[in-house]
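# Sequence first, predicted model second:
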Amino acid sequence: MSEASTSGTDGHDVTAWAEQVPERTRLTLDLDVDICVIGAGLAGLTVAREAARLGASVAVLEGRHVGWNASGHQLGTVMPGYGVPLNDLIARVGFEDSRELWSLSKQGADYVRAAATLIPFSAYSEGALEVSNVDVGDALISRLQMLAEDFDTEVEGWQIERVRAELKTRRYFHGVYYPKAFQIDGRRYVHGLAVLAKQAGVRIFEDTPAVGIDASGIRKRIVTPQARLRASHIVLAGNIHLGAPLRRLSETLLPVWRHAAITAPLGARLADVMTFQGSVTDTDGIDHFRIVEGDRLMWSSPETTWAARPQRFASRIQRRIATIFPKLGEVEIVETFSGAIGQTVHGMPQIGQLRKGLWVASGFGRQGLNTTAMAGQLIARSILWGDERLKLFAPFELVWAGGRTGRIVGQAVGAWQRGSAAAAGAFARYREGARAREGIREARLAEANRQAGTRPPRKRPPPGRGPGRPLPVAPKPEVGDETHQNVQRRPREGGVP
């Protein structure tokens, strides 16, 4: 994932910064530290940096290199919230705990913003827009009120006209706009975070997998291919690739590969279909895209539960872009990338203490960058300060993800959800079109009546009556008619006939 670099006039000494990038050295000598973090992704580096800033000695072990997987291959959108809908979160843990969890997610977003200001070229556009594939006006109002009044989040509701003025497509209806959300270059951010951790005193060892862990006793032992490490605390901040020693933990995550691409420069035709400069996500989680480098699209859409070369999905992303923005025509894909995320069964991140001195920070698939920063802060402060806010994540325990069967089921469920969302969207657009056609018909009829100087057509008469035919009247009886005489005859006085 590459985005255009800005100039070096933003106050950063780029050359000096580049010299601080950690070298890819292996751990070759035995080491003794306070905290050992396994995994040099976003969460692991944040834990290490914060713990070192609080005075602990910290070492990070990475089996490959910094940000090699999902942490270095994401679209870089930062906003509050979790992968679980807010109403579902309230139903699970209650209103007050949901408010606390939401507040923590906002603090995580603030942490990323503050760290990004220290990293050259990592900060980009502001604002994020969630768009709906169906007409959800009433639900939108309820959600906006909850976010603004109960969860103290700055949001705006966009009507259909506003959404389609920014995104010129009939695929989307209403939208929720987060003005405080922002986008960064995710790859630069994760490598910049490694530099910030090194500045705080963290030692990072790449190409150093943990092949054995003994978490018993006060001092834990970690075995690597060439050396051993002892620590009072171990933080498992890996993903689905933790390896054999931690297979029980990695099996609580459903592996999902998210594939994305960057288009060639689209020039003026991009402005003809999209003027919104922030990130766009649909509420069904199918598409996530934004403009980069002024006239390119970065687009993430297809998912699989198995590893595959990202180049295979270039044509699928091309078709998806054409589906959303048909006016763009055919676009050229110049770069593809993918990353494996670990998705939990309950949909929330796994943050907490497994046993004394053994901590976990994983399951950030579909959670957002803010949650990785939040987890790093919480664990570092819990280890060194005794911060008890980690207990808010206690209801979201480790749950086995089903192994190979879970992958198959997950792929099937994902396909079904995408199909259902597509069907619902198609039906919503059909109803919208039917209403529009009915409105046009009524307008034409009214105009025709106005020009003809006539009133609108009257209601159809009841059956048996033609237009203008009078109601039937009973014939008047003739004089001498017995019936008439009987009707006209009055009884005599006294009541005797």
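Ah, there it is. Numbering: from 1, shown residues only.
# from here on, contacts and neighbour counts on C-alpha atoms
OK.
# Next, the buried residues of stretch 39-59.
By 16 or more other Cα atoms under 10 Å, the buried positions in stretch 39-59 come out as 39-53, 56-59.
# Alpha carbons of it, in PDB - could you do that?
The C-alpha atoms that make up stretch 39-59 are tabulated as PDB, following Å, rounded to 0.1, in the frame of the first residue of the first chain:
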ATOM      1  CA  GLY A  39       4.200  -9.800  17.900                       C
ATOM      2  CA  ALA A  40       5.400  -6.500  16.300                       C
ATOM      3  CA  GLY A  41       2.100  -5.300  15.000                       C
ATOM      4  CA  LEU A  42       0.000  -2.300  16.000                       C
ATOM      5  CA  ALA A  43      -1.100  -3.700  19.400                       C
ATOM      6  CA  GLY A  44       2.200  -5.200  20.300                       C
ATOM      7  CA  LEU A  45       4.200  -2.100  19.500                       C
ATOM      8  CA  THR A  46       1.800   0.100  21.400                       C
ATOM      9  CA  VAL A  47       2.000  -2.100  24.500                       C
ATOM     10  CA  ALA A  48       5.800  -2.000  24.300                       C
ATOM     11  CA  ARG A  49       6.000   1.700  23.700                       C
ATOM     12  CA  GLU A  50       3.700   2.600  26.600                       C
ATOM     13  CA  ALA A  51       5.300   0.100  29.000                       C
ATOM     14  CA  ALA A  52       8.700   1.500  28.200                       C
ATOM     15  CA  ARG A  53       7.500   5.100  28.700                       C
ATOM     16  CA  LEU A  54       6.200   4.000  32.200                       C
ATOM     17  CA  GLY A  55       9.700   2.800  33.100                       C
ATOM     18  CA  ALA A  56       9.700  -1.000  32.200                       C
ATOM     19  CA  SER A  57      12.400  -2.800  30.300                       C
ATOM     20  CA  VAL A  58      10.700  -4.300  27.200                       C
ATOM     21  CA  ALA A  59      11.700  -6.600  24.400                       C
END
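# could you pull out the helices for the protein?
With helices called from DSSP state H, the chain shows them at 14-19, 42-53, 86-93, 95-116, 137-145, 160-166, 186-199, 247-250, 268-271, 314-324, 369-385, 403-452, 482-488.
# quick one, the second one and helix 95-116 angle?
Using axes from the mean of the first three to the mean of the last three Cα atoms, to 10 degrees, the inter-axis angle of helix 42-53 relative to helix 95-116 is 80 degrees.
# so what secondary structure elements neighbour helix 42-53?
Where contact means 3 or more Cα pairs under 8 Å, 6 or more residues apart in numbering; DSSP states H and E, helix 42-53 is packed against strand 31-38, strand 58-61, helix 186-199, strand 358-362, helix 369-385.
# Tell me which of the ones you listed sits most buried.
A comparison of those by mean neighbour count, using mean count of other Cα atoms under 10 Å, puts strand 58-61 on top with a mean of 26.
# Need the mean per-residue confidence for that one.
With pLDDT averaged residue by residue, strand 58-61 scores 96.
# Describe which strands it pairs with in its sheet and in which direction.
Strands adjacent to strand 58-61 in the sheet, as given by DSSP bridges, are strand 31-38 (parallel), strand 203-205 (parallel).
# Nice, that's everything, thank you.
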